[in-house]
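Peer 1: give me a 3D structure for the following:
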Amino acid sequence: MRASTLLAVLTVMSFSAQLAKADLLFTGSQSGLCCFNVLLQQVDSDTVHVVATLTQGATYYVNSGSPPPPNHPGFAFNLAGSAQSGATMTVVNSPWTLADYHTTLTDNTGGGTFTNWVLNPGNGANLANTGPLIFNLHYNGGIAITNFVANASGNYFAADIMDKNRATGMSFISDPGVNVPDGGATVMLFGMALAVGGLVTWRRK
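Peer 2: The predicted model follows:
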């Protein structure tokens with residue numbers, strides 16, 4: 001391999017290594033209704049991407065409990081450090097809105113106190129909201145997937161859902177997250193490296 005080819009391949013592989021990040025997957029549910037998962041992705045040093053997906057036949061994100069404001073937060077989690085009050089929601093998918101995000105403590109879950117939460121829109125299951133819930137949290141002081149911690153009751157996340165039997169109520173994830181592949185970015189960029197090497201080799205012919 002010529003020096004120029006090697007340099008091109010190493011440059012792209014270096015770029016790949018910089019972008020490749022392990023995501024953190026939390027699989028539920030360990031208590032309450034069944035079930036939902038949460039995937040955390042580190043976008044940059046100040047941004048975390050969150051995806052909460054209903055699983056195992058759960059049908060809707062709901063707004064249950066009374067009286068208003070809702071007894072049950074729609075999706076709750078715990079942030080450690082200054083990100084707890086400083087992080088803002090910058091992007092969220094419909095039917096949720098940015099106004100649905102709250103940084104006030106809530107203990108109305110039956111699973112301990114949570115520092116941050118998102119209100120599920122609607123009343124009960126009237127919106128037939130199947131999700132997933134997808135949003136970004138941003139904090140200029142820095143926020144990482146490791147800022148998501150368990151509360152004193154051992155729960156990382158809670159969600160207000162309708163299960164496969166059409167029961168509504170809270171669901172909890174207490175198992176720690178596990179590292180999972182970074183969504184294919186490494187494979188994609190490795191392919192780019194091979195393409196660069198192939199292109200330079202082809203130009204030599």
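Peer 1: contact partners for the nearest residue to residue 119 once chain neighbours are set aside?
Peer 2: The shortest distance from residue 119 to any non-neighbouring residue, by CB to CB, 6 or more residues apart in numbering, is to residue 100 (4.3 Å). For the C-beta atoms, the positions are set from N, CA and C on the backbone; glycine is no exception. By CB atoms under 8 Å, 6 or more residues apart in numbering, the contact set of residue 100 is 74, 92, 118-121.
Peer 1: so what's the residue lying closest to residue 129 once chain neighbours are set aside bridging to?
Peer 2: Using CB to CB, 6+ apart and skipping residues adjacent in sequence, the residue nearest residue 129 is residue 61, 4.6 Å away. Under DSSP bridges, the beta-bridge partners of residue 61 are residue 129, residue 161.
Peer 1: also residue 48?
Peer 2: residue 42, residue 137.
Peer 1: got the contact list for it?
Peer 2: 40-42, 136-137, 143-145, 147-148.
Peer 1: try residue 80
Peer 2: 147-149.
Peer 1: counting neighbours, which of the residues you listed end up buried?
Peer 2: 147-148 (16 or more other CB atoms under 10 Å).
Peer 1: so which of the contacts of residue 80 is the closest to residue 163?
Peer 2: Ranked by distance to residue 163 (CB to CB), the contacts of residue 80 are led by residue 148 at 23.9 Å.
Peer 1: surely that closest one touches residue 77?
Peer 2: Yes. Using CB atoms under 8 Å, residue 148 makes contact with residue 77 at a distance of 5.9 Å.
Peer 1: what's the overlap in contacts for those two?
Peer 2: residue 156.
Peer 1: residues in contact with the residue nearest the centre of the chain?
Peer 2: Residue closest to the average C-alpha location in the chain (CA atoms, centre = their mean): residue 50, at 2.1 Å. Residues counted as contacts of residue 50 (CB under 8 Å, 6+ apart) are 38-41, 133-137.
Peer 1: check residue 29 too.
Peer 2: Residue 29 touches 35-36, 171-173, counting by CB under 8 Å, 6+ apart.
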